[in-house]
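K.L.:
everything below, folded, please.
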Amino acid sequence: FSNFDFILSQERLHSIAVTVTFFFVIMIVFYTIALYPFKVGKDPFIRLLEILPAKKFSIKVYSAFKIYQHKKLALLVTLLIAVAIHTFIALLFFQITLLMGIPGIELSTQLFLMPIGLMTVAIPLAPGGIGVGHAAFESLYQLAGFSGGADIFNLYIIVQLGVYLLGGVPYFLYSSDYKI
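P.N.:
Here you go, the predicted structure:
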C-alpha cells in the first residue's frame, strides 16, 4: 500500500514529497501544541503570539483550536468522517484513471497525487478550481510519469457536478415550503 519505492525512483517527485512531509510534521506539531492542556494563563504560545505580527488573528485561530482540546470524541469523529470522504474521492480518482486506460498507476500513487492536486484547486483563482485544477493535475501526473491529468480532473468535475445537482432535486421540491 506504500509507494515509497515509486517516489524514490522519480527524482521529480522528491521535492513534492519533502514539502508534503514538512507540512505534515508542522501540522502534527501545531495540533499537539493546540490540544495540549496548558493551565489557564500559563500557555506559552499565547505569549509568543502576542509579540508576533497579526497577533489578534493568530490568537483567534489558536484559541479556536484550543476550544476543542477537551472534545476528543468530536475531533475523532470529525477526523474519521474526513478520512472516509477523502478515501472515497481517492477511489473515485483511481477508478477514473482505470476507466481512462492510464497504464501502471497504482492506488498508492493516486493517494499521493490527488490530495496535492485538490489543495491547488482550493486556490481561489477560478470558480471551482477549473483551469487551476486542470493545470495542477496535468503537471502532477506528468511529474509522476503519466499523462492525462487534466482529463482525469475533467471527469472528476463532471462526476462532482452530477452529485451536487442531485442535491438540487430536494431543494426545488421543498423550496416552496420554506420562506426566508
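K.L.:
enumerate every residue touching Q95.
P.N.:
Not one residue lies near Q95 by C-beta atoms under 8 Å, 6 or more residues apart in numbering. Every C-beta, even on glycine, is put in place using the N, C-alpha and C of the backbone.
K.L.:
which element, helix or strand, includes it?
P.N.:
helix 72-99 (DSSP states H and E).
K.L.:
and that helix, how far from the chain's centre?
P.N.:
Relative to its chain's centre, helix 72-99 lies at 10 Å (C-alpha atoms, centre = their mean, to the nearest Å).
K.L.:
same check on stretch 40-59?
P.N.:
27 Å.
K.L.:
give me the buried positions along it.
P.N.:
Of all the residues in stretch 40-59, those buried under the rule 16 or more other C-beta atoms under 10 Å are D43, F45, I46, L49, S58, I59.
K.L.:
is it true that the third one touches K60?
P.N.:
No - the pair I46 / K60 is not scored as a contact, 11.3 Å apart, by C-beta atoms under 8 Å.
K.L.:
could you check the angle helix 72-99 makes with the one helix or strand D151 maps to?
P.N.:
Assigned by DSSP H and E, D151 belongs to helix 149-174. Counting by axes from the mean of the first three to the mean of the last three C-alpha atoms, to 10 degrees, helix 149-174 lies at 120 degrees to helix 72-99.
K.L.:
can you tell me which two in the buried residues of stretch 40-59 are farthest apart?
P.N.:
Across the buried residues of stretch 40-59, no pair lies farther apart than D43 and S58, at 12.9 Å, counting by C-beta to C-beta.
K.L.:
buried ones in the helix or strand of the chain with the lowest mean pLDDT?
P.N.:
Ranked by mean pLDDT, DSSP states H and E, the weakest helix or strand in the chain is helix 4-9, scoring a mean of 76. For helix 4-9, burial by neighbour count (16+ other C-beta under 10 Å) applies to F6, I7.
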